[in-house]
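In: What follows is a protein structure lacking sequence information:
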């Protein structure tokens, strides 16, 4: 399952920018597909350490990350400072996911609901009680 689509790229960065970057290639459609596939592979490389792939749903955070990576791949050596920074931020986020510093809330990986804790006493009855030592 892809993390982002061409429509996601267009919605985030504008069709004009994305299509212009792809047009620098001999095959623009293939360049777009390759940038998105490279983003998916990079994300999977980090997620495989903590999650069963493919994910049952794609969290919105990964759509954003995939778009930032694919955009960076399309710009290649001409990446602006802003494009490069967004890519580096995406990589730091993926590294934090791989370390377990942040979690994706997907399927069975969601943390269990907090359970109520109750105090329990086991064993023999106490020898000294408040009532039993009342006159001392």
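Out: Alright, I've got the coordinates. Fair warning: this is a prediction, and the values are worked out from it, not measured in the lab.
In: Which helix or which strand is home to residue 89?
Out: Assigned by DSSP states H and E, residue 89 belongs to helix 81-99.
In: just checking, what packs against that helix?
Out: If contacts are counted by 3 or more C-beta pairs under 8 Å, 6 or more residues apart in numbering; DSSP states H and E, helix 81-99 sits against helix 28-47, helix 60-75. C-beta here means a position set from N, CA and C on the backbone, and glycine is covered the same way.
In: quick check: angle from that helix to helix 60-75?
Out: Helix 81-99 and helix 60-75 are oriented at 130 degrees to each other (axes from the mean of the first three to the mean of the last three C-alpha atoms, to 10 degrees).
In: Tell me where this protein is predicted with low confidence.
Out: Residues of the chain meeting the criterion pLDDT under 70: 107-128, 130, 132-136.
In: if you compare the helices and strands packed on helix 81-99, which one is most tucked away?
Out: helix 60-75 (a mean of 22; mean count of other C-beta atoms under 10 Å).
In: other SSEs contacting that helix?
Out: By 3+ C-beta pairs under 8 Å, 6+ apart, helix 60-75 packs against helix 6-13, helix 15-23, helix 28-47, helix 81-99.
In: so the helix holding residue 89 versus helix 6-13, what angle?
Out: Counting by the same axes, to 10 degrees, helix 81-99 points 120 degrees away from the direction of helix 6-13.
In: and helix 81-99, how far from the chain's centre?
Out: 11 Å (C-alpha atoms, centre = their mean, to the nearest Å).
In: quick one on the thing from earlier: and residue 66, which of the helices and strands packed on helix 60-75 is closest to it?
Out: Residue 66 lies closest to helix 28-47 among the helices and strands packed on helix 60-75, at 4.4 Å (C-beta to C-beta).
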